[in-house]
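here's my sequence, what's the structure:
(one chain, ligands or ions: 1)
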Amino acid sequence: MEFITYEQEGFVGVVTINRPQALNALNSQVLEELEAAFDAIDLNTTRAVVLTGAGEKSFVAGADIGEMSTLTKAEGEAFGKKGNDVFRKIETFPIPVIAAVNGFALGGGCEISMSCDIRICSENAVFGQPEVGLGITPGFGGTQRLARLVSPGMAKQLIYTARNIKADEAFRIGLVNAVYPLEELLPAAKKMAAGIAANAPIAVRNCKKAINDGLQVDIDQAIVIEEKLFGDCFETEDQKAGMGNFLEKDKEKKLKVVPFQNK
Ligand code: CO8
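I've put the predicted structure just below:
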């Protein structure tokens, strides 16, 4: 791959968008490689993923404006679908994905971070949806996910004004969970991912599915989704070992990673 690198550290995978000469902007090739990188992740040996950008300036500075500049209406729609398909793959990826936002997260960059489960960022991070200033709408899910993540009124303000916000404001409105000095960001993301990976993997996957699927339906249906995924955890090695360790009061064992069990 030319623009994506992948590293495995224990149970944690680190996907890096690596096109620093264009501030990691997303062209068609980057999107295709990103999809291939997620497809290649071994879900038997990986329990959480960190997504970040190469360099110290930018996470992702948006979709590639050069590539988009000559698109027809039909090509624009197709390009939007191409990005949306990849971002939806990340959003519904069976294991948690943490965005470590190390600088600009504009347009498609803000949008890809919002398709991740959790966002943390560096102090120099800048978020925004500048599309209306370019004569387009956000097209990789921004109109939908920003309104769901922060309030609809705040999402509308950010999108209509095309105003960029800094890390502290992104934290204040709940777009990111935490802000770190740049050099501490990736270690913090990996530490969080390793903490997730130390928990029972089937339970973590089922939590992700329950939260994601439950948010799409009314509360009565959502509760049924939870019941099914809760029930699904029982009789697994993870559940037997996890509860058994507690009942035996074996603190040592409780800290051990419960073996992964394929369904
Ligand atoms: N696309 C292509 N190239 C980019 C992009 C981008 N989004 N952002 C930066 N670059 C390139 C620059 O052209 C420049 O290349 P070169 O050195 O060859 O001239 C290089 O990266 C460095 O950029 P700058 O010199 O501009 O760096 P600065 O530090 O001066 O500025 C900024 C950094 C503020 C981030 C500035 O580069 C900028 O404003 N970039 C564009 C940000 C933006 O508007 N992003 C949103 C794009 S639209 C979008 O993402 C829509 C998503 C949905 C698409 C749906 C499709 C239908």
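
surely residue 101 touches residue 121?
Yes - using CB atoms under 8 Å, residue 101 makes contact with residue 121 at a distance of 3.8 Å. Heads up, the C-betas are built off the backbone N, CA and C, glycines and all.

which residues of the stretch 151-263 of the chain lie near the ligand?
Applying CB under 6 Å from any ligand atom, one finds that the stretch 151-263 of the chain does not approach the ligand at all.

with adjacent residues omitted, what lies nearest to the residue in the stretch 151-263 of the chain that the ligand sits nearest to?
Residue nearest to the ligand within the stretch 151-263 of the chain: residue 164 (8.0 Å; CB to the nearest ligand atom). Closest residue to residue 164 apart from its sequence neighbours, by CB to CB, 6 or more residues apart in numbering: residue 128 at 3.5 Å.

how about the contacts made by residue 231?
The contact partners of residue 231, by CB atoms under 8 Å, 6 or more residues apart in numbering, come to none.

and the pLDDT for it?
Listed pLDDT for residue 231 reads 98.

go on, residue 38?
Reported pLDDT for residue 38: 98.

in this structure, which spans are strands?
With DSSP state E as the criterion, the chain has strands at 4-9, 12-17, 48-53, 58-60, 97-101, 104-106, 118-122, 126-128, 165-166, 178-180.

could you dump those strands into CSV with mean neighbour count and mean pLDDT added?
Formatted as CSV, those follow (neighbours: other CB atoms under 10 Å; pLDDT from 0 to 100):
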stretch, mean neighbour count, mean pLDDT
strand 4-9, 14, 98
strand 12-17, 22, 98
strand 48-53, 26, 98
strand 58-60, 29, 98
strand 97-101, 28, 99
strand 104-106, 27, 98
strand 118-122, 25, 98
strand 126-128, 24, 98
strand 165-166, 17, 98
strand 178-180, 18, 98
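
take those and write them to CSV, including distance to residue 40.
Converted to CSV, the strands of the chain look like this (distance: least, CB to CB, whole Å):
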stretch, distance to residue 40
strand 4-9, 7
strand 12-17, 10
strand 48-53, 12
strand 58-60, 20
strand 97-101, 15
strand 104-106, 24
strand 118-122, 22
strand 126-128, 29
strand 165-166, 34
strand 178-180, 28
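
what about residue 39, neighbour count?
Residues within reach of residue 39, counting by other CB atoms under 10 Å, total 8.

wait, I meant residue 219
Counted with other CB under 10 Å, residue 219 comes out at 8.

and what of the one 10 residues further on?
When counting by other CB under 10 Å, one arrives at 20 neighbours for residue 229.

how about the nearest residue to it, chain neighbours excluded?
That would be residue 206: by CB to CB, 6+ apart, it lies 4.1 Å from residue 229.

which residues are in contact with the one you found?
229-230, 232-233.

most neighbours of all those, which one?
Busiest of the contacts of residue 206 [other CB under 10 Å] is residue 229, holding 20 neighbours.

can you give me the helices in this protein?
28-40, 65-68, 73-91, 108-114, 131-134, 142-149, 152-161, 167-172, 182-197, 201-214, 219-233, 237-247, 251-254 (DSSP state H).

tell me which of those helices sits most buried.
helix 108-114 (a mean of 29; mean count of other CB atoms under 10 Å).

any part of that helix near the ligand?
Yes - against the ligand, helix 108-114 shows contacts by CB under 6 Å from any ligand atom at residue 108.
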